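> Okay, structure incoming, though there's no sequence with it:
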(Lines give C-alpha, C1' and ligand atoms only; values in the text may rest on other atoms or scores of the structure.)
Protein backbone atom coordinates (compact mmCIF):
# COMPACT_ATOMS: atom_id res chain seq x y z
CA UNK A 1 0.00 0.00 0.00
CA UNK A 2 1.31 3.46 -0.95
CA UNK A 3 0.93 6.28 1.58
CA UNK A 4 1.94 9.95 1.63
CA UNK A 5 4.31 11.38 4.21
CA UNK A 6 5.39 14.96 4.81
CA UNK A 7 8.55 16.19 6.51
CA UNK A 8 8.83 19.74 7.82
CA UNK A 9 12.23 21.42 8.26
CA UNK A 10 13.36 24.88 9.35
CA UNK A 11 14.89 27.05 6.61
CA UNK A 12 17.76 29.48 7.24
CA UNK A 13 18.00 31.84 4.25
CA UNK A 14 20.52 34.69 4.25
CA UNK A 15 19.49 38.35 3.92
CA UNK A 16 19.45 38.39 0.10
CA UNK A 17 17.48 35.14 -0.02
CA UNK A 18 14.94 36.52 2.47
CA UNK A 19 14.37 39.52 0.19
CA UNK A 20 13.93 37.17 -2.78
CA UNK A 21 11.51 34.97 -0.83
CA UNK A 22 9.46 38.00 0.22
CA UNK A 23 9.34 39.12 -3.43
CA UNK A 24 8.11 35.71 -4.57
CA UNK A 25 5.56 35.44 -1.74
CA UNK A 26 4.37 38.97 -2.57
CA UNK A 27 3.97 38.12 -6.26
CA UNK A 28 2.02 35.01 -5.33
CA UNK A 29 -0.26 37.01 -3.03
CA UNK A 30 -0.71 39.75 -5.67
CA UNK A 31 -1.68 37.16 -8.30
CA UNK A 32 -4.17 35.50 -5.93
CA UNK A 33 -5.85 38.83 -5.16
CA UNK A 34 -6.09 39.63 -8.89
CA UNK A 35 -7.66 36.22 -9.53
CA UNK A 36 -10.19 36.73 -6.70
CA UNK A 37 -11.08 40.12 -8.20
CA UNK A 38 -11.49 38.55 -11.66
CA UNK A 39 -13.50 35.70 -10.11
CA UNK A 40 -16.05 38.12 -8.59
CA UNK A 41 -16.51 40.03 -11.85
CA UNK A 42 -16.87 36.79 -13.84
CA UNK A 43 -19.61 35.51 -11.50
CA UNK A 44 -21.50 38.80 -11.71
CA UNK A 45 -21.43 38.85 -15.53
CA UNK A 46 -21.89 35.14 -16.33
CA UNK A 47 -23.79 34.06 -13.19
CA UNK A 48 -21.49 31.04 -12.86
CA UNK A 49 -18.02 30.23 -11.52
CA UNK A 50 -14.98 30.20 -13.87
CA UNK A 51 -13.32 26.83 -14.46
CA UNK A 52 -9.63 26.18 -13.93
CA UNK A 53 -8.77 26.68 -17.61
CA UNK A 54 -10.26 30.21 -17.61
CA UNK A 55 -8.36 31.10 -14.44
CA UNK A 56 -5.08 29.84 -15.93
CA UNK A 57 -5.64 32.01 -19.01
CA UNK A 58 -6.25 34.97 -16.73
CA UNK A 59 -2.85 34.33 -15.08
CA UNK A 60 -1.21 34.78 -18.50
CA UNK A 61 -3.04 38.10 -18.92
CA UNK A 62 -1.97 39.28 -15.46
CA UNK A 63 1.66 38.45 -16.29
CA UNK A 64 1.46 40.49 -19.48
CA UNK A 65 -0.05 43.44 -17.65
CA UNK A 66 2.32 43.29 -14.65
CA UNK A 67 5.88 42.43 -15.65
CA UNK A 68 7.21 42.02 -12.09
CA UNK A 69 5.08 38.88 -11.63
CA UNK A 70 7.35 37.12 -14.17
CA UNK A 71 10.21 37.30 -11.65
CA UNK A 72 8.58 34.36 -9.84
CA UNK A 73 8.63 30.79 -11.08
CA UNK A 74 5.52 29.78 -13.05
CA UNK A 75 4.57 26.66 -11.05
CA UNK A 76 3.94 28.35 -7.66
CA UNK A 77 1.81 30.88 -9.56
CA UNK A 78 -0.18 28.34 -11.59
CA UNK A 79 -1.28 26.43 -8.49
CA UNK A 80 -3.40 29.46 -7.50
CA UNK A 81 -5.82 28.69 -10.35
CA UNK A 82 -6.39 25.16 -9.07
CA UNK A 83 -6.82 26.28 -5.44
CA UNK A 84 -9.24 29.07 -6.35
CA UNK A 85 -11.31 26.66 -8.46
CA UNK A 86 -11.48 24.23 -5.51
CA UNK A 87 -12.71 27.03 -3.23
CA UNK A 88 -15.34 28.00 -5.81
CA UNK A 89 -16.59 24.42 -6.14
CA UNK A 90 -16.81 24.04 -2.35
CA UNK A 91 -18.71 27.34 -2.00
CA UNK A 92 -21.63 26.17 -4.20
CA UNK A 93 -22.14 22.79 -2.53
CA UNK A 94 -25.49 22.28 -0.78
CA UNK A 95 -23.82 21.65 2.58
CA UNK A 96 -21.85 24.92 2.37
CA UNK A 97 -24.90 26.95 1.28
CA UNK A 98 -26.90 25.51 4.19
CA UNK A 99 -24.12 26.46 6.63
CA UNK A 100 -23.88 29.96 5.11
CA UNK A 101 -27.64 30.54 5.49
CA UNK A 102 -27.41 29.34 9.08
CA UNK A 103 -24.64 31.85 9.82
CA UNK A 104 -26.62 34.65 8.16
CA UNK A 105 -29.64 33.84 10.34
CA UNK A 106 -27.46 33.93 13.48
CA UNK A 107 -25.83 37.22 12.35
CA UNK A 108 -29.25 38.90 11.98
CA UNK A 109 -29.92 38.26 15.67
CA UNK A 110 -26.81 40.15 16.78
CA UNK A 111 -27.03 43.65 18.35
CA UNK A 112 -27.42 46.52 15.87
CA UNK A 113 -23.88 47.75 16.57
CA UNK A 114 -22.28 44.54 15.24
CA UNK A 115 -25.03 43.25 12.93
CA UNK A 116 -23.76 44.69 9.63
CA UNK A 117 -20.25 43.34 10.14
CA UNK A 118 -21.52 39.90 11.21
CA UNK A 119 -23.86 39.68 8.21
CA UNK A 120 -21.05 40.66 5.86
CA UNK A 121 -18.78 37.95 7.30
CA UNK A 122 -21.61 35.40 7.06
CA UNK A 123 -22.27 36.25 3.39
CA UNK A 124 -18.58 35.70 2.62
CA UNK A 125 -18.46 32.32 4.38
CA UNK A 126 -16.46 29.77 2.34
CA UNK A 127 -15.94 32.26 -0.51
CA UNK A 128 -12.43 33.16 -1.75
CA UNK A 129 -11.01 36.12 0.18
CA UNK A 130 -8.20 38.57 -0.44
CA UNK A 131 -4.86 37.98 1.26
CA UNK A 132 -3.14 40.62 3.40
CA UNK A 133 0.54 41.46 3.46
CA UNK A 134 0.30 42.21 7.19
CA UNK A 135 -0.56 38.55 7.93
CA UNK A 136 3.10 37.66 7.23
CA UNK A 137 2.08 34.22 5.98
CA UNK A 138 2.24 32.54 2.59
CA UNK A 139 3.52 29.53 0.71
CA UNK A 140 5.26 28.55 -2.55
CA UNK A 141 4.44 25.13 -4.03
CA UNK A 142 7.09 23.42 -6.20
CA UNK A 143 6.03 20.14 -7.88
CA UNK A 144 9.21 20.23 -10.00
CA UNK A 145 12.49 22.12 -10.46
CA UNK A 146 13.89 21.49 -6.99
CA UNK A 147 16.83 19.52 -5.57
CA UNK A 148 17.60 18.25 -2.08
CA UNK A 149 21.20 17.59 -1.02
CA UNK A 150 22.28 17.00 2.59
CA UNK A 151 21.26 20.22 4.34
CA UNK A 152 20.54 22.38 1.28
CA UNK A 153 17.59 22.75 -1.06
CA UNK A 154 17.70 24.20 -4.57
CA UNK A 155 14.61 25.98 -5.89
CA UNK A 156 14.14 27.52 -9.32
CA UNK A 157 14.79 31.30 -9.36
CA UNK A 158 15.82 31.16 -5.68
CA UNK A 159 19.01 29.07 -5.67
CA UNK A 160 20.43 26.99 -2.82
CA UNK A 161 19.01 27.60 0.67
CA UNK A 162 20.18 26.03 3.93
CA UNK A 163 17.80 24.01 6.09
CA UNK A 164 18.11 21.86 9.24
CA UNK A 165 17.72 18.21 8.29
CA UNK A 166 16.89 16.68 11.69
CA UNK A 167 15.62 13.37 10.27
CA UNK A 168 16.05 11.18 7.20
CA UNK A 169 13.54 11.45 4.36
CA UNK A 170 11.94 8.15 3.34
CA UNK A 171 10.27 7.37 0.01
CA UNK A 172 10.11 9.12 -3.35
CA UNK A 173 10.03 12.92 -3.08
CA UNK A 174 7.05 14.30 -5.03
CA UNK A 175 6.96 18.01 -4.16
CA UNK A 176 8.23 20.68 -1.77
CA UNK A 177 6.44 23.70 -0.29
CA UNK A 178 8.03 26.82 1.19
CA UNK A 179 6.03 28.19 4.13
CA UNK A 180 6.29 31.62 5.79
CA UNK A 181 5.44 32.01 9.50
CA UNK A 182 6.12 35.64 10.33
CA UNK A 183 9.90 36.05 10.22
CA UNK A 184 10.49 32.27 10.17
CA UNK A 185 10.65 30.06 7.10
CA UNK A 186 10.00 26.32 6.77
CA UNK A 187 10.06 23.75 4.01
CA UNK A 188 7.62 20.84 3.75
CA UNK A 189 8.74 17.81 1.73
CA UNK A 190 5.98 15.48 0.49
CA UNK A 191 6.93 11.86 -0.31
CA UNK A 192 5.33 8.57 -1.33
CA UNK A 193 6.18 5.50 0.75
CA UNK A 194 5.13 1.89 0.17
CA UNK A 195 4.24 -0.11 3.28
CA UNK A 196 3.13 -3.71 3.79
CA UNK A 197 -0.15 -4.57 5.50
CA UNK A 198 0.27 -6.21 8.90
CA UNK A 199 -1.71 -9.48 9.12
CA UNK A 200 -0.71 -10.35 12.68
CA UNK A 201 -3.60 -10.87 15.16
CA UNK A 202 -4.59 -7.84 17.23
CA UNK A 203 -3.78 -8.02 20.94
CA UNK A 204 -4.51 -4.64 22.46
CA UNK A 205 -7.52 -2.54 21.39
CA UNK A 206 -8.81 0.46 23.35
CA UNK A 207 -11.75 2.83 23.38
CA UNK A 208 -11.00 6.53 23.87
CA UNK A 209 -13.26 9.14 25.46
CA UNK A 210 -12.02 12.73 25.18
CA UNK A 211 -13.00 15.61 27.46
CA UNK A 212 -12.00 18.93 28.99
CA UNK A 213 -11.17 17.86 32.52
CA UNK A 214 -9.18 14.84 31.36
CA UNK A 215 -7.83 15.17 27.84
CA UNK A 216 -8.49 11.47 27.16
CA UNK A 217 -9.65 8.43 29.14
CA UNK A 218 -8.82 4.95 27.81
CA UNK A 219 -10.90 1.83 28.33
CA UNK A 220 -7.98 0.15 30.16
CA UNK A 221 -8.32 2.75 32.95
CA UNK A 222 -5.49 5.05 31.82
CA UNK A 223 -6.18 8.78 31.65
CA UNK A 224 -4.26 11.73 30.19
CA UNK A 225 -4.34 15.13 31.91
CA UNK A 226 -5.44 18.11 29.82
CA UNK A 227 -2.34 20.38 29.50
CA UNK A 228 -4.49 23.56 29.07
CA UNK A 229 -1.87 25.20 26.87
CA UNK A 230 -3.63 28.53 26.32
CA UNK A 231 -4.01 29.02 30.10
CA UNK A 232 -0.21 29.06 30.53
CA UNK A 233 0.17 31.98 28.08
CA UNK A 234 -3.08 33.83 28.88
CA UNK A 235 -1.55 36.58 31.03
CA UNK A 236 1.38 37.09 28.68
CA UNK A 237 -0.93 37.49 25.68
CA UNK A 238 -3.17 39.91 27.57
CA UNK A 239 -0.21 42.18 28.42
CA UNK A 240 1.15 42.10 24.86
CA UNK A 241 -2.24 42.87 23.28
CA UNK A 242 -2.88 45.66 25.79
CA UNK A 243 0.47 47.23 24.90
CA UNK A 244 -0.34 46.96 21.18
CA UNK A 245 -3.76 48.57 21.67
CA UNK A 246 -2.16 51.63 23.31
CA UNK A 247 0.19 52.22 20.37
CA UNK A 248 -0.92 54.87 17.90
CA UNK A 249 -1.57 53.71 14.33
CA UNK A 250 -1.33 56.06 11.36
CA UNK A 251 -1.93 54.71 7.85
CA UNK A 252 0.40 57.24 6.22
CA UNK A 253 3.33 56.60 8.56
CA UNK A 254 5.39 53.49 9.22
CA UNK A 255 5.13 52.39 12.86
CA UNK A 256 8.19 50.25 13.50
CA UNK A 257 7.45 49.80 17.21
CA UNK A 258 3.92 48.63 16.42
CA UNK A 259 5.30 46.12 13.89
CA UNK A 260 7.77 44.84 16.49
CA UNK A 261 4.98 44.41 19.03
CA UNK A 262 2.86 42.52 16.47
CA UNK A 263 5.81 40.21 15.83
CA UNK A 264 6.10 39.54 19.58
CA UNK A 265 2.42 38.53 19.68
CA UNK A 266 2.91 36.36 16.60
CA UNK A 267 5.83 34.58 18.29
CA UNK A 268 3.72 33.95 21.40
CA UNK A 269 0.93 32.39 19.33
CA UNK A 270 3.54 30.32 17.51
CA UNK A 271 4.86 29.13 20.89
CA UNK A 272 1.32 28.10 21.90
CA UNK A 273 0.85 26.16 18.65
CA UNK A 274 4.22 24.41 18.95
CA UNK A 275 3.61 23.50 22.61
CA UNK A 276 0.23 22.01 21.76
CA UNK A 277 1.58 20.05 18.78
CA UNK A 278 4.50 18.77 20.84
CA UNK A 279 2.09 17.35 23.42
CA UNK A 280 -0.13 15.74 20.75
CA UNK A 281 2.78 14.21 18.82
CA UNK A 282 4.32 12.70 21.96
CA UNK A 283 0.98 11.34 23.15
CA UNK A 284 0.02 9.76 19.79
CA UNK A 285 3.54 8.32 19.38
CA UNK A 286 3.33 6.59 22.76
CA UNK A 287 -0.17 5.31 21.96
CA UNK A 288 0.95 3.84 18.61
CA UNK A 289 3.82 2.00 20.32
CA UNK A 290 1.62 0.65 23.12
CA UNK A 291 -1.70 -0.28 21.45
CA UNK A 292 -2.83 -2.13 18.30
CA UNK A 293 -6.10 -0.32 17.60
CA UNK A 294 -8.17 2.68 18.59
CA UNK A 295 -11.91 3.36 18.74
CA UNK A 296 -12.87 6.97 19.36
CA UNK A 297 -16.06 9.00 19.38
CA UNK A 298 -16.94 11.43 16.57
CA UNK A 299 -17.45 14.93 17.98
CA UNK A 300 -19.50 17.71 16.40
CA UNK A 301 -17.19 20.51 17.53
CA UNK A 302 -19.01 23.25 15.56
CA UNK A 303 -22.23 22.62 17.48
CA UNK A 304 -20.30 22.58 20.76
CA UNK A 305 -19.02 26.08 20.01
CA UNK A 306 -22.55 27.45 19.53
CA UNK A 307 -23.02 28.03 23.27
CA UNK A 308 -22.59 31.58 24.61
CA UNK A 309 -20.00 30.65 27.25
CA UNK A 310 -16.75 32.19 25.96
CA UNK A 311 -14.64 30.38 28.58
CA UNK A 312 -15.96 26.97 27.51
CA UNK A 313 -15.47 27.82 23.83
CA UNK A 314 -11.86 28.85 24.51
CA UNK A 315 -11.19 25.56 26.31
CA UNK A 316 -12.77 23.53 23.49
CA UNK A 317 -10.61 25.30 20.89
CA UNK A 318 -7.51 24.86 23.04
CA UNK A 319 -7.93 21.11 23.63
CA UNK A 320 -7.57 20.30 19.87
CA UNK A 321 -9.63 17.12 19.65
CA UNK A 322 -9.81 17.26 15.85
CA UNK A 323 -6.04 17.54 15.45
CA UNK A 324 -5.55 14.69 17.94
CA UNK A 325 -7.86 12.43 15.90
CA UNK A 326 -6.15 13.36 12.63
CA UNK A 327 -2.69 12.62 14.04
CA UNK A 328 -3.81 9.30 15.47
CA UNK A 329 -5.52 8.44 12.18
CA UNK A 330 -2.55 8.95 9.86
CA UNK A 331 -0.06 7.45 12.33
CA UNK A 332 -2.29 4.36 12.62
CA UNK A 333 -2.25 4.10 8.84
CA UNK A 334 1.54 4.39 8.72
CA UNK A 335 1.99 1.69 11.38
CA UNK A 336 -0.75 -0.78 10.37
CA UNK A 337 -2.93 -0.05 13.38
CA UNK A 338 -6.74 -0.04 13.48
CA UNK A 339 -8.42 3.38 13.74
CA UNK A 340 -12.20 3.68 13.75
CA UNK A 341 -14.60 6.48 14.73
CA UNK A 342 -18.05 5.50 15.99
CA UNK A 343 -21.25 7.36 15.12
CA UNK A 344 -21.48 10.85 16.68
CA UNK A 345 -25.04 10.19 17.93
CA UNK A 346 -24.00 7.20 20.04
CA UNK A 347 -24.76 8.12 23.69
CA UNK A 348 -21.59 6.71 25.23
CA UNK A 349 -21.92 8.65 28.51
CA UNK A 350 -25.55 7.69 29.16
CA UNK A 351 -25.33 3.89 28.77
CA UNK A 352 -24.24 1.51 31.52
CA UNK A 353 -21.37 -0.63 30.25
CA UNK A 354 -22.73 -3.73 32.07
CA UNK A 355 -26.54 -3.82 31.89
CA UNK A 356 -26.94 -1.34 28.97
CA UNK A 357 -29.40 0.79 30.93
CA UNK A 358 -29.72 4.31 29.49
CA UNK A 359 -30.22 7.31 31.77
CA UNK A 360 -29.67 11.06 31.64
CA UNK A 361 -26.19 12.24 32.64
CA UNK A 362 -25.74 16.03 33.08
CA UNK A 363 -22.24 17.32 32.41
CA UNK A 364 -21.59 18.24 36.05
CA UNK A 365 -22.09 14.62 37.27
CA UNK A 366 -18.70 12.87 37.03
CA UNK A 367 -19.74 9.47 38.48
CA UNK A 368 -22.03 7.05 36.67
CA UNK A 369 -24.40 5.36 39.16
CA UNK A 370 -26.66 2.91 37.36
CA UNK A 371 -30.30 2.89 38.51
CA UNK A 372 -30.78 -0.77 37.47
CA UNK A 373 -27.65 -2.74 38.42
CA UNK A 374 -26.25 -0.21 40.96
CA UNK A 375 -22.90 -0.08 39.14
CA UNK A 376 -20.73 2.86 40.22
CA UNK A 377 -17.98 3.85 37.80
CA UNK A 378 -16.18 6.98 36.60
CA UNK A 379 -18.20 8.71 33.89
CA UNK A 380 -15.34 8.93 31.37
CA UNK A 381 -14.19 5.35 31.93
CA UNK A 382 -17.75 4.10 31.42
CA UNK A 383 -17.94 6.07 28.15
CA UNK A 384 -14.58 4.65 26.99
CA UNK A 385 -15.78 1.08 27.64
CA UNK A 386 -18.99 1.75 25.70
CA UNK A 387 -17.01 3.25 22.82
CA UNK A 388 -14.78 0.18 22.70
CA UNK A 389 -17.73 -2.22 22.58
CA UNK A 390 -19.60 -0.14 20.00
CA UNK A 391 -16.46 0.10 17.89
CA UNK A 392 -15.92 -3.66 18.00
CA UNK A 393 -19.55 -4.17 16.95
CA UNK A 394 -19.67 -1.64 14.10
CA UNK A 395 -16.09 -1.88 12.76
CA UNK A 396 -16.71 -5.52 11.87
CA UNK A 397 -19.68 -4.49 9.72
CA UNK A 398 -17.66 -1.61 8.24
CA UNK A 399 -15.16 -4.41 7.66
CA UNK A 400 -12.08 -4.14 5.51
CA UNK A 401 -12.43 -0.35 5.05
CA UNK A 402 -11.90 0.23 8.76
CA UNK A 403 -9.27 -2.40 9.40
CA UNK A 404 -7.50 -3.03 6.10
CA UNK A 405 -7.69 -6.82 6.01
CA UNK A 406 -10.11 -9.67 6.69
CA UNK A 407 -7.74 -11.33 9.18
CA UNK A 408 -7.81 -8.13 11.25
CA UNK A 409 -11.62 -8.25 11.33
CA UNK A 410 -11.64 -11.83 12.60
CA UNK A 411 -9.02 -11.07 15.24
CA UNK A 412 -11.10 -8.05 16.32
CA UNK A 413 -14.09 -10.34 16.89
CA UNK A 414 -11.93 -12.60 19.07
CA UNK A 415 -10.62 -9.56 20.96
CA UNK A 416 -14.21 -8.41 21.47
CA UNK A 417 -15.19 -11.73 23.06
CA UNK A 418 -12.19 -11.60 25.42
CA UNK A 419 -12.86 -8.00 26.45
CA UNK A 420 -16.58 -8.62 27.11
CA UNK A 421 -15.69 -11.64 29.25
CA UNK A 422 -13.22 -9.53 31.25
CA UNK A 423 -15.82 -6.75 31.77
CA UNK A 424 -18.44 -9.29 32.92
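Nice, thanks for sending it over. Because the structure is predicted, anything quoted here is derived from the model rather than measured.

> the strands in the stretch 151-300 of the chain, which residues?
Ranges of strands within the stretch 151-300 of the chain are 152-155, 159-163, 172-181, 184-194, 205-210, 214-218, 223-225, 293-296, based on DSSP state E, counting those that start in this stretch.

> Same check on the stretch 301-424 of the chain?
Using DSSP E, counting those that start in this stretch, strands in the stretch 301-424 of the chain cover 338-341, 367-369, 376-378.

> Can you lay out the ones you listed as CSV showing distance to residue 149 and mean neighbour count?
C-beta here means a position set from N, CA and C on the backbone, and glycine is covered the same way. Converted to CSV, the strands of the stretch 301-424 of the chain look like this (distance: least, CB to CB, whole Å; neighbours: other CB atoms under 10 Å):
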stretch, distance to residue 149, mean neighbour count
strand 338-341, 36, 22
strand 367-369, 59, 15
strand 376-378, 54, 14
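
> So which of the ones you listed is nearest residue 388?
strand 338-341 (10.4 Å; CB to CB).

> Please name every helix or strand in contact with that closest one.
For strand 338-341, the elements it packs on are strand 293-296, helix 321-334, helix 379-398, helix 400-403, judged by 3 or more CB pairs under 8 Å, 6 or more residues apart in numbering; DSSP states H and E.

> rank those by pLDDT, which is bottom?
Ranked by mean pLDDT, the helices and strands packed on strand 338-341 end with helix 400-403 in last place, scoring a mean of 42.

> Pull the contacting residues for residue 291.
204, 205, 206, 337 (CB atoms under 8 Å, 6 or more residues apart in numbering).

> what's the answer for residue 95, then?
If a contact means CB under 8 Å, 6+ apart, then residue 95 has no contacts.

> Tell me the pLDDT of it.
Value listed for residue 95 in the pLDDT field: 90.

> ditto for the one 4 residues further on
At residue 99 the predicted local confidence, pLDDT, stands at 89.

> how about it, secondary structure?
Classification of residue 99 by DSSP: H, G, I helix; E, B strand; the rest coil places it in helix.

> where's it relative to residue 220, distance?
Residue 99 is 38 Å from residue 220, where distance means CB to CB, to the nearest Å.

> could you check the angle strand 205-210 makes with the helix of greatest length in the chain?
Secondary structure of the chain per DSSP state H: the longest helix is helix 256-290. Taking axes from the mean of the first three to the mean of the last three CA atoms, to 10 degrees, one finds helix 256-290 and strand 205-210 inclined to each other by 150 degrees.

> related to what we said a few turns ago, with distance to residue 318, neighbour count and pLDDT added, can I get the contacts of residue 291 in CSV?
Formatted as CSV, these follow (distance: CB to CB, whole Å; neighbours: other CB atoms under 10 Å; pLDDT from 0 to 100):
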residue, distance to residue 318, neighbour count, pLDDT
204, 30, 11, 84
205, 29, 25, 89
206, 24, 23, 90
337, 27, 23, 88
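
> ok, of those, which one's closest to residue 315?
So of those, ranked by how close each gets to residue 315 (CB to CB), first place is residue 206, at 24.4 Å.

> Can you verify my assumption that the closest one contacts residue 295?
Yes: using CB atoms under 8 Å, residue 206 makes contact with residue 295 at a distance of 7.2 Å.

> shared neighbours of the two, anything?
residue 388.

> Any regions of this protein where pLDDT drops low?
Residues of the chain meeting the criterion pLDDT under 70: 198-201, 249-255, 308, 396-424.

> and the gap between residue 229 and residue 268?
For residue 229, the distance to residue 268 - CB to CB - is 12 Å.

> swap that for residue 169, sorry
Residue 169 is 31 Å from residue 268, by CB to CB.

> Which one's more surrounded, residue 229 and residue 268?
Neighbours were counted for residue 229 and for residue 268 using other CB atoms under 10 Å; residue 229 has more, 20 against 16.

> Nearest residue to that one in space, please, no chain neighbours.
residue 276 (4.7 Å; CB to CB, 6 or more residues apart in numbering).

> In CSV, list the contacts of residue 291 along with distance to residue 135.
Below are the contacts of residue 291 laid out as CSV (distance: CB to CB, whole Å):
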residue, distance to residue 135
204, 45
205, 44
206, 41
337, 37
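
> before we move on, back to that, buried residues in the longest helix of the chain, which are they?
For helix 256-290, burial by neighbour count (16 or more other CB atoms under 10 Å) applies to 258, 261-262, 265-266, 268, 272, 276, 279-280, 283-284, 287-288.

> okay, the residues you listed in a markdown table with distance to residue 163 next?
Shown next, in a markdown table, are the buried residues of helix 256-290 (distance: CB to CB, whole Å):
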| residue | distance to residue 163 |
| --- | --- |
| 258 | 31 |
| 261 | 29 |
| 262 | 26 |
| 265 | 26 |
| 266 | 21 |
| 268 | 25 |
| 272 | 24 |
| 276 | 24 |
| 279 | 25 |
| 280 | 24 |
| 283 | 27 |
| 284 | 25 |
| 287 | 30 |
| 288 | 27 |
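
> Of all pairs in the residues you listed, which one is the farthest apart?
258 and 288 (44.9 Å).

> got the contact list for the helix or strand containing residue 86?
Using DSSP states H and E, residue 86 sits in helix 74-91. Helix 74-91 has contacts (CB under 8 Å, 6+ apart) with 24, 27-28, 31-32, 35-36, 39, 49-52, 55-56, 58-59, 69, 96, 126-128, 140-145, 156.

> If we use 6 Å, what do you get?
28, 31-32, 35, 49, 52, 55-56, 96, 126-128, 140-141, 143 (CB atoms under 6 Å, 6 or more residues apart in numbering).

> Could you check how many residues crowd around the closest residue to residue 371 other than its chain neighbours?
In space, and not counting its chain neighbours, residue 371 is closest to residue 359: 5.8 Å by CB to CB, 6+ apart. Neighbour count for residue 359, taken as other CB under 10 Å: 13.
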